[in-house]
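Novice: sequence? don't have it. structure:
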Ligand SMILES: Cc1cc2nc3c(=O)[nH]c(=O)nc-3n(C[C@H](O)[C@H](O)[C@H](O)COP(=O)(O)OP(=O)(O)OC[C@H]3O[C@@H](n4cnc5c(N)ncnc54)[C@H](O)[C@@H]3O)c2cc1C
């Protein structure tokens, strides 16, 4: 019997960078590498944004609450990225009014909120879109049924909202237009690092394929440690935890924009947002020991329903849909809500090759994160003429019909309580 011919290393498809994971982080790395002229292969096991990148709160924001934990650098960078994304992706990332109602029993009083918003505005470069205003407490009661009982003040500022899955598709499409090869479905099975190459084997459709590159980036978010276990020599697990966040969708779209509230049960912040003709409410925080266990629980759903009912007593809280995503946080003691939102990264380098792992971070900061990680492995790759800069490349969803009902409502022209710039008719 003829022996099976194994392809030699020389015959294997060779790329400069192989990216594993088609969430926002993998898409950002692929785009950034392709923009530098490198040949890129991206492997996604399921579909674009199948993981956390379609289960976020869909905000492109600095993260006002991260000020409380002193993450000023993260907030400043996120606000810078927000400005870039509203410019390059105007159909996908829009500024919307955010409201912070302050009640007599709120943990944070008007002065704290005012101080936080002032710092937020400062970190946002004091640009017109960073301004905030204090409204009359009654201004919102009539529109969305916000209870005015015990209401001391309402602050309004602006932040970004997006369709996270559409944004991921748009970044993938941009990578592709710069020459990146995107294979979906394609699931990593093994990554062997030896000398100046990493050889990956992946299942794609019916068969198994192999490819090599000096740099392999594992951008599988909550699957990071599963992927590290597929590497040879084995990569030890990263010191990370998975924290599940659940959202619910209820009937009827909230009208005035996004509300940023404190939950009656435990004073945790949560959002009430307009989303595709419905109201989206989230999120919770619940540690899980495996991504396979990521699913909304009855307890989380009831917590969210109670939280919204406490501030919007007349609203219908029937749950039309509930979904959960998993955050990757660096292992540490203390409440997940107060933990760093920076990505956890690792790079194993040997004789001219590297396996890079990226887990966590924010949707908002995907581009800056990609730029920073690419700089860390660029010395392993040829210096080529840049094709483009990601801060300037326009982004639009290749499936625009999906955006038809991405309704992000702007305040009405006659809304006298809306002195913010950036209104849209
Ligand atoms: C509840 C919640 C709310 C959030 N809200 C916000 C927010 O409002 N704003 C914000 O900025 N950030 C937010 N975040 C954070 C943000 O969503 C994440 O940081 C981001 O989506 C992570 O993207 P990722 O690409 O790392 O992971 P993922 O999107 O999970 O992508 C990983 C991909 O890897 C693929 N994969 C897994 N195994 C393999 C394999 N063997 N081979 C090939 N592919 C594989 C998966 O199919 C998946 O598509 C939120 C997160 C959560 C959990």
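Specialist: It's in. Predicted, not measured: the structure shown is a model, and the values here were computed from it. Numbering: from 1, shown residues only.

Novice: can you list the domains in this structure?
Specialist: Segmentation of the chain into domains, based on automatic domain parsing, reads 12-52+166-239+340-402, 240-330.

Novice: return the most buried member of those.
Specialist: Compared across the domains of the chain, domain 12-52+166-239+340-402 shows the largest average neighbour count, a mean of 20 (mean count of other Cβ atoms under 10 Å). C-betas here are computed from N, CA, C, even on glycine.

Novice: before we move on, the earlier item: okay, the domains of the chain in JSON lines with mean pLDDT and distance to the ligand next?
Specialist: Formatted as JSON lines, the domains of the chain follow (pLDDT from 0 to 100; distance: least, Cβ to the nearest ligand atom, whole Å):
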{"stretch": "domain 12-52+166-239+340-402", "mean pLDDT": "95", "distance to the ligand": "2"}
{"stretch": "domain 240-330", "mean pLDDT": "95", "distance to the ligand": "2"}
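
Novice: between these, which gets nearest to residue 106?
Specialist: Nearest of these to residue 106, taken as Cβ to Cβ: domain 240-330 at 5.5 Å.

Novice: do me a favour and get the end-to-end distance for stretch 231-241?
Specialist: For stretch 231-241, the separation between the terminal residues is 20 Å (Cα to Cα, to the nearest Å).

Novice: ok, which stretches of the stretch 51-200 of the chain are strands?
Specialist: 59-60, 93-103, 133-135, 151-162, 181-183, 187-194, 197-204 (DSSP state E, counting those that start in this stretch).

Novice: distance from the longest one to the middle of the chain?
Specialist: The reference is to strand 151-162. 20 Å (Cα atoms, centre = their mean, to the nearest Å).

Novice: quick check: mean pLDDT across that strand?
Specialist: Strand 151-162 shows a mean pLDDT of 95.

Novice: please apply the same query to stretch 56-67.
Specialist: Stretch 56-67 carries an average pLDDT of 93.

Novice: got a list of contacts for it?
Specialist: 71, 74-76, 78-79, 81-82, 85-86, 93, 116-117, 119-120, 123-124, 159-164, 245, 247, 258, 260, 269, 271, 273, 275, 280, 282-283, 325, 337, 341, 362-364 (Cβ atoms under 8 Å, 6 or more residues apart in numbering).

Novice: hmm, it touching the ligand?
Specialist: Yes - if you take Cβ under 6 Å from any ligand atom as the test, stretch 56-67 does meet the ligand, through 56-59.

Novice: scan those residues and report the most crowded one.
Specialist: Highest neighbour count within the residues of stretch 56-67 next to the ligand, by other Cβ atoms under 10 Å: residue 58, with 26 neighbours.

Novice: helices and strands around the longest helix seen in the chain, which ones?
Specialist: Using DSSP state H, we find that the single longest helix of the chain is helix 72-88. Applying 3 or more Cβ pairs under 8 Å, 6 or more residues apart in numbering; DSSP states H and E, one finds that helix 72-88 contacts strand 59-60, strand 93-103, helix 110-123, strand 151-162, helix 366-377.

Novice: most tightly packed of these?
Specialist: Counting by mean count of other Cβ under 10 Å, the most buried of these turns out to be strand 59-60, with a mean of 26.

Novice: make JSON lines out of the domains of the chain and add distance to residue 110.
Specialist: Formatted as JSON lines, the domains of the chain follow (distance: least, Cβ to Cβ, whole Å):
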{"stretch": "domain 12-52+166-239+340-402", "distance to residue 110": "26"}
{"stretch": "domain 240-330", "distance to residue 110": "13"}
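
Novice: can you tell me which of those comes nearest to residue 111?
Specialist: domain 240-330 (15.8 Å).

Novice: what about the closest one, how long is it end to end?
Specialist: Start-to-end, domain 240-330 (Cα to Cα) is 4 Å.
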